[in-house]
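Undergrad: Next come a sequence and a model predicted from it.
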Amino acid sequence: MFRGLNSLVRLSVRRFALKMSSLPDVKHLPQLHSTLEQAKRFAAYRAVDENLDYQRHRVIGVGSGSTVIYVAERLGQYLLDPKFSIYASQFVCIPTGFQSKELILTNGLTLGSIEQFPTLDIVFDGADEVDVNLQLIKGGGGCLFQEKLISTSAAKFIVVADYRKRSPKYLGTNWVKGVPIEVVPSGYIRVLHDLKTKLKCKNAILRQGAPAKAGPVVTDNCNFIIDADFGEIEHPEILHQDIKMLVGVVETGLFIDNASKAYFGNPDGSVELQV
Ligand SMILES: O=C[C@H](O)[C@H](O)[C@H](O)COP(=O)(O)O
């Protein structure tokens with residue numbers, strides 16, 4: 001129901017922006033249903049406004065998840081404002097999966113592919129947890145491989161998140177579902193076994209699609225996802241390398257030395273920046 005409500009609000013935001021025909025101030029937009037959604041929107045709008053160099057940036061990555069919804073919304077508003085539209089009409093947006101492809105299209109933006117544009121100017125994406133060194137856990141929504149492909153192909157990777165994602169110190173403190181790992185389907189038993197025996201993982205499970213689907217989650221690349229719990233992760237770069245070495249692993253949800261900045265939205269409208 002909330003998703004439906006939010007879509008309605010987003011539609012009215014688009015109409016509002018159309019009527020205003022200038023980049024709307026986030027504080028004047030119709031309120032979203034929860035303070036958490038408001039926090040995500042505050043972070044996304046500020047991240048776009050502060051980092052998008054609309055006169056120079058042409059190839060823009062749009063990530064996955066519930067926070068980038070507001071990134072795509074903001075980018076769409078640049079198209080509607082005559083001051084920016086001449087530049088925004090030249091933006092090409094590269095998606096990190098099916099969901100972001102839809103976001104790009106529904107906000108009136110031009111869709112491109114990583115094969116056409118292997119180098120990006122900037123990418124905006126969410127995160128499941130951000131540690132004090134800007135290392136990330138991503139993949140809670142199952143999109144990690146394409147997200148990593150896009151974010152490591154961009155000159156700048158800007159993280160947009162709400163206040164819950166900021167780790168007090170180590171990854172694995174706030175996000176306790178485990179590190180998402182994309183694996184080739186035929187190799188999942190082997191990877192589960194190796195995670196437990198070779199890497200001393202506390203628990204590793206194949207992500208299930210229930211209740212929406214019986215059986216495992218299948219990614220946009222037709223792979224499976226394993227969630228591997230290592231507790232608090234002191235050395236994410238080493239863990240990432242160790243997991244990558246396992247036969248059957250396509251990519252890990254540990255994003256190492258990749259993000260340039262992270263914006264965390266708070267319910268009161270303030271946004272914290274981590275660099
Ligand atoms: O696979 C999903 C992605 O890594 C998302 O960016 C991540 O899960 C954060 O999503 P959200 O903005 O919904 O918290």
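TA: Done, it's in.

Undergrad: got the residue ranges for the strands in the stretch 51-200 of the chain?
TA: Ranges of strands in the stretch 51-200 of the chain, per DSSP state E, counting those that start in this stretch, are 59-62, 92-95, 122-125, 129-130, 136-137, 157-162, 179-183.

Undergrad: mind giving me JSON lines with the ones you listed and columns for mean pLDDT?
TA: Formatted as JSON lines, the strands of the stretch 51-200 of the chain follow (pLDDT from 0 to 100):
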{"stretch": "strand 59-62", "mean pLDDT": "98"}
{"stretch": "strand 92-95", "mean pLDDT": "98"}
{"stretch": "strand 122-125", "mean pLDDT": "98"}
{"stretch": "strand 129-130", "mean pLDDT": "98"}
{"stretch": "strand 136-137", "mean pLDDT": "98"}
{"stretch": "strand 157-162", "mean pLDDT": "98"}
{"stretch": "strand 179-183", "mean pLDDT": "98"}
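
Undergrad: Tabulate those in a markdown table, adding columns for distance to the ligand.
TA: Where C-beta positions appear, they are placed from N, C-alpha and C, glycine not excepted. Below are the strands of the stretch 51-200 of the chain laid out as a markdown table (distance: least, CB to the nearest ligand atom, whole Å):
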| stretch | distance to the ligand |
| --- | --- |
| strand 59-62 | 11 |
| strand 92-95 | 12 |
| strand 122-125 | 5 |
| strand 129-130 | 9 |
| strand 136-137 | 8 |
| strand 157-162 | 6 |
| strand 179-183 | 7 |
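
Undergrad: Mean neighbour count for those - can I get that in JSON lines?
TA: What follows is these, written out as JSON lines (neighbours: other CB atoms under 10 Å):
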{"stretch": "strand 59-62", "mean neighbour count": "26"}
{"stretch": "strand 92-95", "mean neighbour count": "24"}
{"stretch": "strand 122-125", "mean neighbour count": "27"}
{"stretch": "strand 129-130", "mean neighbour count": "24"}
{"stretch": "strand 136-137", "mean neighbour count": "28"}
{"stretch": "strand 157-162", "mean neighbour count": "27"}
{"stretch": "strand 179-183", "mean neighbour count": "27"}
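
Undergrad: near the ligand, which residues of this protein?
TA: Selection of the chain residues close to the ligand by CB under 6 Å from any ligand atom yields 63-67, 125-128, 138-144, 147.

Undergrad: how many other residues sit next to residue 66?
TA: Neighbourhood size, residue 66 [other CB atoms under 10 Å]: 16.

Undergrad: That one against residue 126, yeah?
TA: Yes. Contact criterion CB atoms under 8 Å: residue 66 and residue 126 qualify, at 7.1 Å.

Undergrad: Flag the shaky bits of the chain, pLDDT-wise.
TA: 1-21 (pLDDT under 70).

Undergrad: can I get the strands of the stretch 51-200 of the chain in TSV with distance to residue 85?
TA: Output for the strands of the stretch 51-200 of the chain, formatted as TSV (distance: least, CB to CB, whole Å):
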stretch	distance to residue 85
strand 59-62	15
strand 92-95	15
strand 122-125	19
strand 129-130	33
strand 136-137	33
strand 157-162	22
strand 179-183	38
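
Undergrad: quick one: the residue lying farthest from the centre of the chain from the ligand, how far?
TA: For the chain, the residue at maximal distance from the C-alpha centroid (CA atoms, centre = their mean) is residue 197, at 31.0 Å. Distance of residue 197 to the ligand, given as CB to the nearest ligand atom, to the nearest Å: 27 Å.

Undergrad: where's that residue relative to residue 191, distance?
TA: Taking CB to CB, to the nearest Å as the measure, residue 197 falls 11 Å from residue 191.

Undergrad: before we move on, what about residue 28?
TA: Residue 28 sits 49 Å away from residue 191 when distances are taken as CB to CB.

Undergrad: Those two - which one has more neighbours?
TA: Taking other CB under 10 Å, residue 28 and residue 191 do not tie; residue 191 has more neighbours (23 against 8).

Undergrad: For that one, which non-adjacent residue is closest in space?
TA: When the adjacent residues along the chain are set aside, residue 191 lies closest to residue 248, with 4.5 Å between them (CB to CB, 6 or more residues apart in numbering).
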